[in-house]
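Q: sequence and predicted structure, then a few things I'm wondering about:
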Amino acid sequence: MDIGTVWTAMQAAVAQPEQAAKAAGISGADLVLVAKYLGAAIAMGVGAIGSGLSEGFAAGKACEGIARNPEASGKITITMIVGQAVTESVAIYALVVAVLLLFVV
Amino acid sequence: MEELGQVHVWHYVPGTDIPIPLGGMNVFTVMNTLLVVAVLWALFWMATRRLNMVPGRAQALLELVLDSFKDMVDRTMEFAPEHRRRQYVPFIAGLFLYICLSNAILLVPLPRIEKPTSDLNDTLALGLISVGYALFCAIRAKGIKGYFVEAMGPLFHSHGSTAAVLMGRSSGLFFLPMHFSEEMSKLISISCRLFGNIMGGAIVITIVSTMSYYIVFPQILYAFFLVFEAALQAFVFSMLTLIYLTRAEQAHSE
């Protein structure tokens, strides 16, 4: 057994785990993929909490107002819609960030 | 997901070597914007072809629509005099009709039709128009000097000892960047809101249609997003523009 064969065998032994790791498939690009999907999901999910709560709160208060004073329902509805649209923009930012993560990054 | 990002960018003027500045031109957005404008123009042309004191059906409908915008402006800016209120009605009406129609332009059964508002460039242009017009109105109402003095914050005119006056004056250096970042955030929020709502609607339609194999859900979703949501977002955009204009107008009548 000459030194060349031993060297090749050693190289093969060292190279084998490397190849196995590559076949299992965790490289930098995969990590980026995982982080991107996870980031998009977390951004949308957490970002929707506050906006959903506050929009429901606004709608409930508008209901109370209309029940107390039905003549003002038109004005209350318009104010509620505009306020909800302003509130919603936080969730919309989260959506834009999620879309950026999914399609642009 | 191929339907979502249907963009076709011209980097050069077609047939020549002349580059288009600012990174090119999104052809579908521009074409569909022109289509929206053409549809709107044709509707108005047909309705106003024969104007009468006793209106026909189309003219009566148009008068109803424009009257509702006039009511909206009147209710929001009750304090302003009549002639100053009237000048905002065409702006608000044009903004509303354009955004509403461009959100619903997918109802036109032709190939290559995209909603122009699902492109951030279009909504950014609309936001620039509305915020810039509000800025213009504020400067017209107060003058450039008055505008900057108000932007310097509430402590600018403080009286009393020399130290207090000096502190008040120097607080303007803190309030002025705040004011301009507020204007920038207005621009970003108003344009990203429209873009996000329309784009989110498109994403929801695509995902739910794919999951349900295009059977029942697309029709319901299209009815919701192309008819109801389109008008709602147009209303929100024009209402916010009206609120910005109202704040500019308020300073005028004080």
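A: That came in fine, so what should we check first?
Q: got the contact list for A:Gly39?
A: By C-beta atoms under 8 Å, 6 or more residues apart in numbering or on different chains, the contact list for A:Gly39 reads A:98, A:101. The way it works is simple: take the backbone N, C-alpha and C, and place the C-beta from them, glycine included.
Q: now it: how far from B:Ile188?
A: For A:Gly39, the distance to B:Ile188 (C-beta to C-beta, to the nearest Å) stands at 21 Å.
Q: and what of B:Gln219?
A: Distance from B:Gln219 to B:Ile188, counting by C-beta to C-beta: 34 Å.
Q: ok, these two, which is more surrounded?
A: Applying other C-beta atoms under 10 Å in any protein chain shown to B:Gln219 and B:Ile188 shows that B:Ile188 carries more neighbours, namely 15 against 11.
Q: for the more buried one, list the residues it contacts.
A: So, once contact is read as C-beta under 8 Å, 6+ apart, B:Ile188 ends up touching B:Gly127.
Q: also B:Glu249?
A: Contacts of B:Glu249 by C-beta under 8 Å, 6+ apart are B:77, B:80, B:84, B:137, B:141.
Q: could I get the CA-only coordinates of stretch B:126-136 as PDB?
A: Extracted in PDB, the C-alpha atoms of stretch B:126-136 (Å, rounded to 0.1, in the frame of the first residue of the first chain):
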ATOM      1  CA  LEU B 126     -51.200  59.700  -6.600                       C
ATOM      2  CA  GLY B 127     -49.900  60.200  -3.100                       C
ATOM      3  CA  LEU B 128     -47.500  62.900  -4.400                       C
ATOM      4  CA  ILE B 129     -50.300  64.600  -6.100                       C
ATOM      5  CA  SER B 130     -52.500  64.700  -3.000                       C
ATOM      6  CA  VAL B 131     -49.900  65.500  -0.400                       C
ATOM      7  CA  GLY B 132     -48.300  68.100  -2.800                       C
ATOM      8  CA  TYR B 133     -51.600  69.800  -3.400                       C
ATOM      9  CA  ALA B 134     -52.200  70.000   0.300                       C
ATOM     10  CA  LEU B 135     -48.800  71.500   0.800                       C
ATOM     11  CA  PHE B 136     -49.500  74.000  -2.000                       C
END
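Q: show me how far that stretch is from its chain's centre.
A: The chain centroid and the centroid of stretch B:126-136 are separated by 9 Å under C-alpha atoms, centre = their mean, to the nearest Å.
Q: swap in stretch B:179-192?
A: 13 Å.
Q: who are the packing partners of the one helix or strand B:Leu35 maps to?
A: Taking DSSP states H and E as the definition, B:Leu35 sits inside helix B:27-47. For helix B:27-47, the helices and strands in contact under the criterion 3 or more C-beta pairs under 8 Å, 6 or more residues apart in numbering or on different chains; DSSP states H and E are helix B:57-76, helix B:89-103, helix B:120-151.
Q: of those, flag the one that's most buried.
A: The densest packing among these, expressed as mean neighbour count by mean count of other C-beta atoms under 10 Å in any protein chain shown, is seen in helix B:89-103 with a mean of 20.
Q: which residues in chain A form helices?
A: A:3-24, A:28-68, A:73-99 (DSSP state H).
Q: could the ones you listed be laid out in TSV, adding distance to B:Ser130?
A: Supplementary listing: these in TSV, determined by distance: least, C-beta to C-beta, whole Å:
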stretch	distance to B:Ser130
helix A:3-24	54
helix A:28-68	23
helix A:73-99	14
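Q: most proximal residue of chain A with respect to chain B?
A: Among the residues of chain A, A:Ile92 lies nearest to chain B; the distance is 3.6 Å by C-beta to the nearest C-beta.
Q: pull the contacting residues for the residue lying closest to that residue once chain neighbours are set aside.
A: Distances taken as C-beta to C-beta, 6 or more residues apart in numbering or on different chains place B:Gly196 nearest to A:Ile92, at 3.6 Å, with adjacent residues excluded. B:Gly196 sits next to A:89, A:92-93, A:95-96 when contact means C-beta under 8 Å, 6+ apart.
Q: who in chain B is up against chain A?
A: If contact is defined as C-beta under 8 Å from any C-beta of the partner chain, the residues of chain B in contact with chain A are B:1, B:4-5, B:75, B:189, B:192-193, B:195-197, B:199-200, B:203, B:232, B:235-236, B:239-240, B:243.
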